[in-house]
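Trainee: predicted structure and sequence below. I'll ask about it afterward.
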Amino acid sequence: MRENLLAHIEFPSDLRKLSMNQLLQLAQELRDFIIDIVSVKEGHLGASLGVVELTIALHYVFNTPQDLLVWDVGHQAYGHKILTGRKAVFHTNRQLNGISGFPKRSESEFDTFGVGHSSTSISAALGMAIASQLKGDNKHHIAVIGDASIASGMAFEGLNHAGVTDANLLVILNDNAIGIDPSVGALKNYLTAVKEGKNPKVNNMIKSLNFDYSGPIDGHDIFAVIQELERLKKVKGPKFLHVITTKGKGLQKAEEDQVKYHAPGKFDKITGEIHLKEEGHLPPKFQDVFGLTIVELAQQNEKIIGITPAMPTGSSLKFMMHAFPKRAFDVGIAEQHAVTLSAGMATQGMVVFCNIYSTFLQRAYDQVIHDVALQNLPVIFCLDRAGLVGEDGATHHGVFDLAYLRCIPNMIIFSPRNEIELRNILYTAQLGLNHPIAIRYPRGRGEIVDWQQPFHKIEIGKATLLKKGARIAILSNGFIGRNITLAFAEISNSESFSLYDFSFVKPMDETLLHSIFNEYESIITIEDGTIIGGFGSAIVEFKSKYNYKNNVQLLGVPDEFIEQGTVEELQQYSEINVKSLVSILSSY
């Protein structure tokens, strides 16, 4: 029986002691290690399996961490983490108090740049390379970026700048024709032609930017990759290596269904079969409520358009893309373009639903302000994954949207408290609001099985009394209000509390607020967003504006970056889970 090589490798310095001939065995062991852990603990699978050989080659050839390696997004960095001192704790990946699912500077000196959102690697690595020049440091700087991420505007901005420098920068294009969903666009078609040898001028695009281009080469031929990396170490200035890989490499089902096996949940490590959960007749996911409802509306309104930046499956816009392929667009990882494209369509009378994860709309903040709100264009932003999202951690929580949108003039902001309210606000928005609206809803399932009810128009800016009590008013925003309702069932003094649903953070129901402040001495607000600048802050601003003296307690996400864990664990940390609320309310 062969000796297990991975068992003796803690850091790249150990890896470099191996002979070239041992690297094939190591690659298989590393792939098996990732599959063993992720099959049980869950996480991002396909991307890391696809770059096993590339990961080994990079750490074998370059003197990391002195040479600086930047991974774009970071879905593919599991092998990197295992080889850089975190093998023994890799089983804690994405868990509360465990290691992050993404590269993180505070976690390891080998993680040279924190990532989680796409297309940042080239700019970051170029910044490092220029800094090294200025300091007189002789080191290498490598950015590994996928074909979906390199299509983003920021990646091209980095390439454009790098091409007029003599920085020691190597950009490696990990080309597997897929991000989370399949890559789209003209650049994807160009790269496909390059791979298939159909374009006789294959190098023009990159060479024209003054990069030394090489490839494409087989990213699973570890010897060819090492040979080319060794050659490129001696080439001065900006360099570009085009590597072809297969996402999910080494697990047949992951290769065959690359979308599903991006993050498959628990699965059989031998067969690859995903362990299906016994779900029964459960409430729908909010994403599916959006996706199915917009198809229903589009059947009645031919002006409806759907747009998503690279998340058709995650956002469930895939339903409209199937039903109305000419009216639903995946624009790739290009949030800025998605927003301004939506604005352009809105100027021509189209009803545009722009579906972007809350954390990713941050990347298009100027476009929201300048191109949509300033012109008061009625773009309908559907902000998926609002609130705490769980194991993806600090890079992906949608906790800032209420704060960063609330200050924008003309913007309507609505958080549905359940699936029916989401359905009705989508219906209401497509009737015409004359203002942009942001509709924010959480990741995962709601609570109503029979949700496909007849549409009802929602009155803009209207709050709702859900429960009448004697002494204290609780004002909730959106689905998090469900935790309050559940807490009521576990406290003895529930009759003391009234509960109001303020789904609209903007415009605020000031008429009802005046009544509340005149009736109740104490008021509690709860939201699944940051306390700083969010819904609760809006209530405190109202109190100050009208010189009320009531006691107001704000509940929400504290002023810090919340790390990874289950949604329940993170809500508990933020003291907005049911158990915490029981304790808080019982003290009144």
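Mentor: Great, that's in hand. Numbering: from 1, shown residues only.
Trainee: what's the local residue count around residue 208?
Mentor: 10 (other CB atoms under 10 Å). Yep, even glycine has a C-beta here, placed from its N, CA and C like the rest.
Trainee: check residue 53 too.
Mentor: 27.
Trainee: how about it, phi and psi?
Mentor: For residue 53, the backbone dihedrals are phi -70, psi -40 (criterion: degrees, to the nearest 10).
Trainee: wait, what's in contact with it?
Mentor: By CB atoms under 8 Å, 6 or more residues apart in numbering, the residues touching residue 53 are 27, 219, 220, 221, 222, 225.
Trainee: which residue packs closest to it, ignoring adjacent ones?
Mentor: Of all residues not flanking residue 53 in the chain, residue 222 sits nearest, at 4.2 Å (CB to CB, 6 or more residues apart in numbering).
Trainee: hey, which strand is longest across this structure?
Mentor: strand 522-530 (DSSP state E).
Trainee: nearest to residue 54, of the contacts of residue 53?
Mentor: Distances from residue 54 to the contacts of residue 53, taken as CB to CB, are shortest for residue 219 (5.2 Å).
Trainee: tally up the residues packed near that closest one, please.
Mentor: Residues near residue 219, counting by other CB under 10 Å: 27.
Trainee: which helix or which strand is home to residue 231?
Mentor: Assigned by DSSP states H and E, residue 231 falls within helix 222-232.
Trainee: do the same with residue 74
Mentor: Here residue 74 is covered by no helix or strand, with elements defined by DSSP H and E.
Trainee: ok, residue 361 next?
Mentor: Element membership for residue 361, per DSSP H and E: helix 358-361.
Trainee: that helix packs against which elements?
Mentor: Applying 3 or more CB pairs under 8 Å, 6 or more residues apart in numbering; DSSP states H and E, one finds that helix 358-361 contacts helix 335-347, strand 380-384.
Trainee: elements contacting the following helix or strand past it?
Mentor: Counting by DSSP H and E, the next helix or strand C-terminal to helix 358-361 is helix 365-367. The contact analysis (3+ CB pairs under 8 Å, 6+ apart) places helix 365-367 against helix 335-347.
Trainee: quick one: the helices in the stretch 251-400 of the chain?
Mentor: Per DSSP state H, counting those that start in this stretch, the stretch 251-400 of the chain carries helices over the ranges 252-256, 286-300, 312-315, 318-323, 335-347, 358-361, 365-367.
Trainee: so who does the residue most central in space within the chain touch?
Mentor: In the chain, the C-alpha nearest the mean C-alpha coordinate belongs to residue 396, at 4.6 Å (CA atoms, centre = their mean). Shown in contact with residue 396 (CB under 8 Å, 6+ apart): 116, 357, 359, 385, 389.
Trainee: and the third one, how far is that from residue 411?
Mentor: Right, residue 359. Distance from residue 359 to residue 411, counting by CB to CB, to the nearest Å: 18 Å.
Trainee: in the protein, which segments are predicted with low confidence?
Mentor: 1, 198-203, 278-280 (pLDDT under 70).
Trainee: break it down into its domains, please.
Mentor: Here the domain parsing of the chain from automatic domain parsing is 6-262, 286-440, 464-586.
Trainee: surely residue 180 forms part of a helix?
Mentor: No - using DSSP: H, G, I helix; E, B strand; the rest coil, the secondary structure at residue 180 is coil, not a helix.
Trainee: count the residues that sit near the spatially closest residue to it that is not a sequence neighbour.
Mentor: Distance criterion CB to CB, 6+ apart; nearest residue to residue 180, sequence neighbours excluded, is residue 262 at 5.2 Å. Other residues near residue 262 come to 21 when the count uses other CB under 10 Å.
Trainee: please spell out which residues along stretch 572-583 are buried.
Mentor: 572, 573, 574, 575, 576, 577, 578, 580, 581, 582 (16 or more other CB atoms under 10 Å).
Trainee: of all those residues, which two lie farthest apart?
Mentor: It's 573 and 582 that sit farthest apart of these, by CB to CB, at 16.0 Å.
Trainee: just the strands in the stretch 51-200 of the chain please.
Mentor: Under the criterion DSSP state E, counting those that start in this stretch, the stretch 51-200 of the chain contains strands at 68-71, 141-146, 169-175.
Trainee: in CSV: those strands, plus distance to residue 475.
Mentor: What follows is the strands of the stretch 51-200 of the chain, written out as CSV (distance: least, CB to CB, whole Å):
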stretch, distance to residue 475
strand 68-71, 43
strand 141-146, 43
strand 169-175, 48
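Trainee: just say which of the ones you listed is most tucked in.
Mentor: strand 141-146 (a mean of 28; mean count of other CB atoms under 10 Å).
Trainee: so that strand versus helix 222-232, what angle?
Mentor: 140 degrees (axes from the mean of the first three to the mean of the last three CA atoms, to 10 degrees).
Trainee: longest helix of the protein, counting residues only.
Mentor: helix 23-41 (DSSP state H).
Trainee: which SSE is immediately downstream of that one?
Mentor: Next along from helix 23-41, by DSSP H and E: helix 46-50.
Trainee: which strands and helices lie in contact with that following helix?
Mentor: Helix 46-50 packs on helix 23-41, going by 3+ CB pairs under 8 Å, 6+ apart.
Trainee: for the helix it packs on, list every residue counted as buried.
Mentor: 23, 26-27, 29-35, 37-39, 41.
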